[in-house]
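Novice: Any chance you could fold what I've pasted below:
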Amino acid sequence: MPGTASAAPVSAPLQKSAALDDVTGAYYPVSPARLLDTRNGTGAPVGKIGAGKKVDLQVAGRGGVPASGVGAVVLNVTVTGPTAASFLTAYPTGESRPTASSVNFAKGWLGSNNVTVKLGSGGKVSVYNNSGSTDVIVDVVGFYAGDNSLTNRAGGQYEWYLPERMWDSREDPEGKPPAGQVLEYSLDFGDDYNPHVKSFVFNVTAVSPAKSGFLTAWSGKGTRPAASTVNYLAGKNVPNLTFVQTTPCTGTEQYNWCTAGAPKFSIYTSQSAHVLVDLVGVVDDGESPYGMRFSPLSPTRIVDSRSNLGISGAIPAGGTRKVTTPAALVTDDTEVLAMNVTAVTPTNNTYVTTWPADYDGVDRPTTSNLNPYAGQVVANGVLGVIGPNDAFNVYNFSGSTHLVADVVGTFYYPPASTAKSATSLKGGKAKPSAVPTASRR
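Specialist: So this is what the prediction gives:
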């Protein structure tokens, strides 16, 4: 395996894709860049964020994000060294703080969550801490166009896949990846589709780490970025949703482990830890008829089982609940909800899985969105596909757990798309453009 590697910057203007005459809602990846680190004064004065306090973080014009034309950003938000159990809420600066949470944590916790946030006044995002005090780290990995002004950049569209586990190092004959290892992966979609895949959307899980540390996922090109994807404590299984840029296989890689032209990426682990990678979607270059755009929302709570909002009561062991999206949040062209989903004080160690409801022949996937321990309050970003009746399922494996879900935006089929509408696609169970074959060096 090679040593340290890193991502190529993409902040330079690119040619606009011919497929996107209007880039509103299109996704743009950036090389992971640090916007906030309260430990050293990056983005805010040095010092933990106190109880009931917030930081108004300048995002537009930093880390590869343009100064204007941006509707929302995709952030990895990390908490380290909290003095009390609490939660963070990230929301548009200038708006009233919503009844929603972005990261939930216990005293002394180390962890992160993928958070999509609409930009507020001045291109800023507010980060609020409820209790105690904590250091906060924020890395940006991408953004969505808020209008059609980004005419000198190539934007992409999101295409969902039914969640599928692509790699699990626990099944690898080489054993548990050691500290400092870089794992290289590739997905081959075939010659027709490979050139159009610009980013992957994964749920990446660190399993049984030997010590506290982090994973970093990136294209594998250039120098490994000073950013983290999954932050973990020793012995804890920790997932996180992530958008990862790709770079094409050259076909000259040692041992010819990947197919020329197939998109590849890398994951670095700072400590010995198993790594699980579940595919949930791809971002293309605007060519796919199934490609969707993003519409940001101020965080809106649609599920809180503690108050019987969305579902009634805690989800029991082996139980499945169906959540119907409020009509005000969807249109006929809405297909996916961008959510922050939180498990609240499960009675046993468990896992939680979401998938679209009411599709004939679509069973619960053999993957997970959350891996909470007994008594934890833990959240993860979820891109939840909704079925023909605008609903999704939630499954709890063990014990019982309360659930909270906050919607931060929706993905929709653009009117100009050749993909008709979500209604017609849902009726026939929308299918991805290509089925990938996985490989790993």
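
Novice: Please state the mean pLDDT value computed over whichever helix or strand V117 is part of.
Specialist: Using DSSP states H and E, V117 sits within strand 110-118. Taken as a whole, strand 110-118 carries a mean pLDDT of 95.

Novice: do stretch 204-221 as well
Specialist: 96.

Novice: now do stretch 91-100
Specialist: For stretch 91-100, the per-residue pLDDT averages 96.

Novice: And the pLDDT at P173?
Specialist: pLDDT, P173: 87.

Novice: And for P414?
Specialist: 88.

Novice: how close does it sit to P436?
Specialist: 24 Å (C-beta to C-beta, to the nearest Å). For glycine as for every other residue, the C-beta is placed from the backbone atoms N, C-alpha and C.

Novice: Please apply the same query to L215.
Specialist: 21 Å.

Novice: okay, those two: which has more neighbours?
Specialist: Using other C-beta atoms under 10 Å, the more surrounded residue of L215 and P436 is L215, with 26 against 22.

Novice: Wait, the more buried one touches T205, no?
Specialist: No. L215 is not in contact with T205 according to C-beta atoms under 8 Å; the separation is 9.1 Å.

Novice: overlap in contacts of those two?
Specialist: Taking C-beta atoms under 8 Å, 6 or more residues apart in numbering as the criterion, L215 and T205 both touch 230, 275.

Novice: List the contacts of the residue in the chain sticking out farthest from the centre.
Specialist: Distance from the centre of the chain peaks at Y255, with 31.7 Å (C-alpha atoms, centre = their mean). Contacts of Y255 were listed using C-beta under 8 Å, 6+ apart, and they are R441.

Novice: ok, now V230?
Specialist: Per C-beta under 8 Å, 6+ apart, neighbours of V230: 112, 204-206, 214-215, 238-240, 242.

Novice: Can you name the residues bridging to it?
Specialist: L215 (DSSP bridges).

Novice: before we move on, what about Q245?
Specialist: Here Q245, judged by DSSP bridges, has bridge partners S199.

Novice: now swap in V115 and tell me
Specialist: L75.

Novice: ok, how many other residues are close to it?
Specialist: Neighbours around V115, by other C-beta under 10 Å: 26.

Novice: how close does it sit to E164?
Specialist: The separation that V115 has from E164, given C-beta to C-beta, amounts to 24 Å.

Novice: domain parsing for the chain?
Specialist: 27-145, 158-290+431-440, 294-412 (automatic domain parsing).

Novice: Quick check: Q245 vs A374, distance?
Specialist: Q245 is 37 Å from A374, by C-beta to C-beta.

Novice: So the two - more neighbours on which side?
Specialist: More neighbours surround Q245 than the other of Q245 and A374, with 24 against 13 (other C-beta under 10 Å).

Novice: remind me which residues of the stretch 301-441 of the chain are low pLDDT?
Specialist: Residue ranges of the stretch 301-441 of the chain with pLDDT under 70: 416-435.

Novice: swap in the stretch 51-200 of the chain?
Specialist: 152.

Novice: Would you state the strands of it in chain order?
Specialist: Per DSSP state E, counting those that start in this stretch, the stretch 51-200 of the chain carries strands over the ranges 53-58, 70-80, 86-92, 103-105, 110-118, 124-129, 135-145, 158-168, 181-188, 197-207.

Novice: Tell me which of those strands lies nearest to P326.
Specialist: Comparison of the strands of the stretch 51-200 of the chain against P326 by C-beta to C-beta identifies strand 110-118 as nearest, at 17.9 Å.

Novice: hang on, the earlier thing: mind putting the domains of the chain into CSV with distance to T151?
Specialist: Listed next are the domains of the chain as CSV, based on distance: least, C-beta to C-beta, whole Å:
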stretch, distance to T151
domain 27-145, 9
domain 158-290+431-440, 13
domain 294-412, 18
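
Novice: looking at those, which is closest to L20?
Specialist: Among these, domain 158-290+431-440 sits nearest to L20 (C-beta to C-beta), with 4.2 Å.

Novice: Ends of the closest one, what's the gap?
Specialist: Taking C-alpha to C-alpha, to the nearest Å, domain 158-290+431-440 runs 24 Å from one end to the other.

Novice: ditto for stretch 384-393
Specialist: Note: stretch 384-393 ends 9 Å apart using C-alpha to C-alpha.

Novice: Please point out which parts of it sit buried.
Specialist: Buried residues in stretch 384-393, defined by neighbour count with 16 or more other C-beta atoms under 10 Å: 384-388, 390, 392-393.

Novice: With stretch 326-346 instead?
Specialist: Quick answer for stretch 326-346 (16+ other C-beta under 10 Å): 329-330, 333-346.

Novice: Output it as PDB, nothing but the C-alphas.
Specialist: Only the C-alpha atoms of stretch 326-346 are listed here, as PDB (Å, rounded to 0.1, in the frame of the first residue of the first chain):
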ATOM      1  CA  PRO A 326     -45.300  16.500   5.200                       C
ATOM      2  CA  ALA A 327     -46.900  17.800   2.000                       C
ATOM      3  CA  ALA A 328     -45.400  21.300   2.400                       C
ATOM      4  CA  LEU A 329     -41.900  19.900   1.900                       C
ATOM      5  CA  VAL A 330     -42.300  18.000  -1.300                       C
ATOM      6  CA  THR A 331     -43.500  18.500  -4.900                       C
ATOM      7  CA  ASP A 332     -44.300  15.900  -7.600                       C
ATOM      8  CA  ASP A 333     -40.600  16.100  -8.600                       C
ATOM      9  CA  THR A 334     -39.100  15.500  -5.100                       C
ATOM     10  CA  GLU A 335     -37.300  12.100  -4.700                       C
ATOM     11  CA  VAL A 336     -34.900  12.400  -1.800                       C
ATOM     12  CA  LEU A 337     -34.800  14.100   1.600                       C
ATOM     13  CA  ALA A 338     -31.500  15.400   3.000                       C
ATOM     14  CA  MET A 339     -31.900  14.800   6.700                       C
ATOM     15  CA  ASN A 340     -30.200  14.600  10.000                       C
ATOM     16  CA  VAL A 341     -31.500  11.500  11.700                       C
ATOM     17  CA  THR A 342     -30.900  11.000  15.500                       C
ATOM     18  CA  ALA A 343     -31.300   7.900  17.600                       C
ATOM     19  CA  VAL A 344     -32.200   8.900  21.200                       C
ATOM     20  CA  THR A 345     -31.200   6.700  24.200                       C
ATOM     21  CA  PRO A 346     -31.700   3.200  22.700                       C
END
